[in-house]
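**Q** missing the sequence, but the structure's below:
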């Protein structure tokens, strides 16, 4: 047995395949796939990617429902020294076009139906899962993924893939503009897996339920963690309460990560859980927002008596994961985000760039090995979020970058951090981040809207409810709202479609002539 | 309360148009979950509407992707309860 030091995602695969060749790595519906399968099939796909011209440093898109093939695709790209880019399967063709252009994806591994729907000339080359699609948005050759995965081809040697190479790009929305690609190194991926599994105490005995999307850092982290410890990852696509419960029971799940709306869904099954407790469930972890206190109390009541521990986590894609609240401290309330994850320092910095005193509110600043490389192709935004360590001695110059989160927090006397909020207009709904402009652009794209103003209204289950106030291009258009809604549903992911669209003759402006988002959202809240 | 299948289908399609798809009509066999027309949270909202409108109770286990695959399968669930 040869176990290597682990520097890259595929080093993690190598070691788990050496240690546990016959163990189930991935459970996808009724099929189980071993670590050996994962090694062989990702090797075969890697060879095919190389044959199709993928070289070290290229970006490979993965646009499919969460599946065995999606897992294989990530590892195949990594073995080729390429960065994989997981596209949200809820994305519609315009969002896919945006991402493929933004980071220059030429090769896409995707579901047939999704590839067929793409806008013309979206990618050059594709590997499809399912029936052969019409050429759709693919200009060049289309290859059947299933055929590739059956062969035994091995990858060619590539130039050394190092831990400082780009491993993946995670697209995430900020408070303004279009989504940005967080360039995440191989080291970020590996260290993220090691750090999180340290405090969740993951072992090869774990059976982890993957209920979060793989394009989301916490969802991806569950996979990398499972890969590192040699656990079994069960892929869960449907988040409907009945399906979630079935997944938890059928695979005797020991750990699951979720976002607040997922727990609301699970809690609908409270009666069934009471009648038949989830005795295998060792832990649950929450990320992506604050769980409403009532839901947390209910989860504790249902799960703690049978030994399930509840971890509240906080992370931002720009630094993968930042803090967690150990289960024994959960009484501190849902605003508490705990302390820094291992090997990480969390600073609270005030407007003067100094460390805050206990109780003083400042910005959460993250320092450590999960700090990503920056935003792909966005120099100014990168300079704003990734800055020199404010507390480093000047002799170290500014070689080390830390992440400014944009989230306001305070630290108590004992060192626990509490989330206060954000000052910007970022919307977070159903666990997804989006900027108001993304929603506004989607509505304006319908052709009916003159000006749009989108904002989030706090909602205990969703995080925010998306609301938009629009003015129309021409007056008195009967049924314009239905037309706009139809367009938005067809051209945007469901979480981006406003729950409510209101029409106003003209949108109020600020002194500088910009749409007065704050005024409009306050007026809506007061109505 | 006995309700006709046609009636249930019409009510569900009406709810979908009003709350999800806007102008676009949803056919009886369109795959709602698989094609991403309905998110899980919207599905729960639809369940709350159905429970209220048809005076039924949908059990946790019934809230799954097979039963909520399409307007037709959802209507079958409702009529099996209102009989």
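**A** Ah, there it is. All values reported here derive from a predicted model rather than from experimental measurement.
**Q** distance check, the closest residue to chain A within chain B against residue A:481.
**A** As assessed by CB to the nearest CB, chain A sits closest to residue B:22 within chain B, at 2.6 Å. Bear in mind the C-beta positions are built from the backbone N, C-alpha and C, glycine included. Residue B:22 sits 7 Å away from residue A:481, taking CB to CB, to the nearest Å as the criterion.
**Q** coming back round to it: helix/strand/coil for the nearest residue in space to the residue of chain B closest to chain A that is not next to it in sequence?
**A** By the measure of CB to CB, 6 or more residues apart in numbering or on different chains, the closest residue to residue B:22 outside its immediate chain neighbours is residue A:485, 2.6 Å from it. Of the three states, residue A:485 takes helix under DSSP: H, G, I helix; E, B strand; the rest coil.
**Q** my guess is residue A:485 contacts residue A:497. True?
**A** Yes. Counting by CB atoms under 8 Å, residue A:485 touches residue A:497, with 6.9 Å between them.
**Q** so between the two, which is more surrounded?
**A** residue A:497 (27 against 24; other CB atoms under 10 Å in any protein chain shown).
**Q** near chain A, which residues of chain B are found?
**A** Contact residues, chain B versus chain A (CB under 8 Å from any CB of the partner chain): B:17, B:20-24, B:33, B:36-44, B:60-65, B:67-68.
**Q** which stretches of chain A have low pLDDT?
**A** A:1-2, A:476 (pLDDT under 70).
**Q** right, and the helix or strand after the longest helix anywhere in chain B?
**A** Counting residues, the longest helix found in chain B (DSSP state H) is helix B:40-54. Once helix B:40-54 ends, the next helix or strand along the chain (criterion: DSSP states H and E) is helix B:71-82.
**Q** can you tell me which residues contact the spatially closest residue to residue A:172 that is not a sequence neighbour?
**A** Closest residue to residue A:172 apart from its sequence neighbours, by CB to CB, 6+ apart: residue A:317 at 4.2 Å. Residue A:317 sits next to A:170, A:172, A:182, A:216, A:217, A:372 when contact means CB atoms under 8 Å, 6 or more residues apart in numbering or on different chains.
**Q** now for residue A:504: which residues touch it?
**A** A:469, A:470, A:471.
**Q** which one (most neighbours) among those residues?
**A** residue A:470 leads the contacts of residue A:504 on contacts (other CB under 10 Å) with 25 neighbours.
**Q** could you find the closest non-adjacent residue to the residue of the stretch 251-400 of chain A found nearest chain B?
**A** For the stretch 251-400 of chain A and chain B, the shortest gap (CB to the nearest CB) falls at residue A:269, measuring 4.0 Å. Nearest residue to residue A:269 in three dimensions, chain neighbours excluded: residue B:60, at 4.0 Å (CB to CB, 6+ apart).
**Q** how deep is the one you found tucked in, by neighbour count?
**A** 20.
**Q** and it, what pLDDT?
**A** In this model, residue B:60 is scored at 86, pLDDT.
**Q** got the contact list for it?
**A** By CB under 8 Å, 6+ apart, the neighbours of residue B:60 are A:241, A:242, A:245, A:268, A:269, A:271, A:272.
**Q** give me the helices and strands touching the longest helix along chain A, please.
**A** Counting residues, the longest helix found in chain A (DSSP H) is helix A:35-51. When contacts are defined as 3 or more CB pairs under 8 Å, 6 or more residues apart in numbering or on different chains; DSSP states H and E, helix A:35-51 packs onto helix A:9-19, strand A:24-28, helix A:68-79, helix A:145-150.
**Q** would whichever helix or strand comes after that helix count as contacting chain B?
**A** Sequence-wise, the next helix or strand downstream of helix A:35-51 (DSSP H and E) is strand A:59-63. No. Residues of strand A:59-63 are not located near chain B by CB under 8 Å from any CB, the shortest gap being 12.9 Å.
**Q** and strand A:59-63, which strands flank it?
**A** The pairing partners recorded for strand A:59-63 under DSSP bridges are strand A:83-86 (parallel), strand A:107-111 (parallel).
**Q** what angle do helix A:68-79 and that strand make with each other?
**A** Calculated by axes from the mean of the first three to the mean of the last three CA atoms, to 10 degrees, strand A:59-63 forms an angle of 170 degrees with helix A:68-79.
**Q** who touches strand A:59-63?
**A** A:49, A:54, A:70, A:73-74, A:76-77, A:80, A:82-87, A:89, A:91, A:96, A:99-100, A:103-111, A:114-115, A:123, A:169, A:214.
**Q** could you do stretch A:260-276 as well?
**A** A:211-212, A:239-242, A:244-245, A:249, A:258, A:284, A:286, A:288-292, A:295, A:298-299, A:302-303, A:430-431, A:461-463, B:40-41, B:44, B:60-61, B:63.
**Q** please repeat the previous calculation with a cut-off of 7 Å.
**A** Residues from elsewhere that reach stretch A:260-276 (CB atoms under 7 Å, 6 or more residues apart in numbering or on different chains): A:211, A:239, A:241, A:244-245, A:286, A:288-291, A:295, A:298-299, A:302, A:430-431, A:461-463, B:40-41, B:44, B:60-61, B:63.
**Q** can you point out the buried residues in it?
**A** A:260, A:261, A:262, A:263, A:264, A:265, A:266, A:267, A:268, A:269, A:272, A:273 (16 or more other CB atoms under 10 Å in any protein chain shown).
**Q** now find how far off-centre it is within its chain.
**A** 23 Å (CA atoms, centre = their mean, to the nearest Å).
**Q** before we move on, what about stretch A:385-400?
**A** 28 Å.
**Q** what does chain A have sitting close to chain B?
**A** Taking CB under 7 Å from any CB of the partner chain as the contact definition, chain A meets chain B at A:90, A:238-243, A:245-246, A:261, A:265, A:268-269, A:271-272, A:430, A:462, A:479, A:482-486, A:489, A:494-495.
**Q** now with 6 Å?
**A** Proximity of chain A to chain B is confined to A:90, A:238-243, A:261, A:265, A:268-269, A:272, A:430, A:482-483, A:485-486, A:489, A:494 under the rule CB under 6 Å from any CB of the partner chain.
**Q** which ones are touching the most centrally placed residue in chain B?
**A** The structure's chain B has its C-alpha centroid closest to residue B:74; by CA atoms, centre = their mean the separation is 4.4 Å. Residue B:74 sits next to B:12, B:68 when contact means CB atoms under 6 Å, 6 or more residues apart in numbering or on different chains.
**Q** give me the more crowded residue out of residue B:22 and residue A:481.
**A** Here residue B:22 and residue A:481 are compared on neighbour count by other CB under 10 Å; more neighbours surround residue B:22, at 22 against 19.
**Q** surely that one touches residue A:482?
**A** Yes. Residue B:22 lies in contact with residue A:482 (CB atoms under 6 Å); the separation is 4.3 Å.
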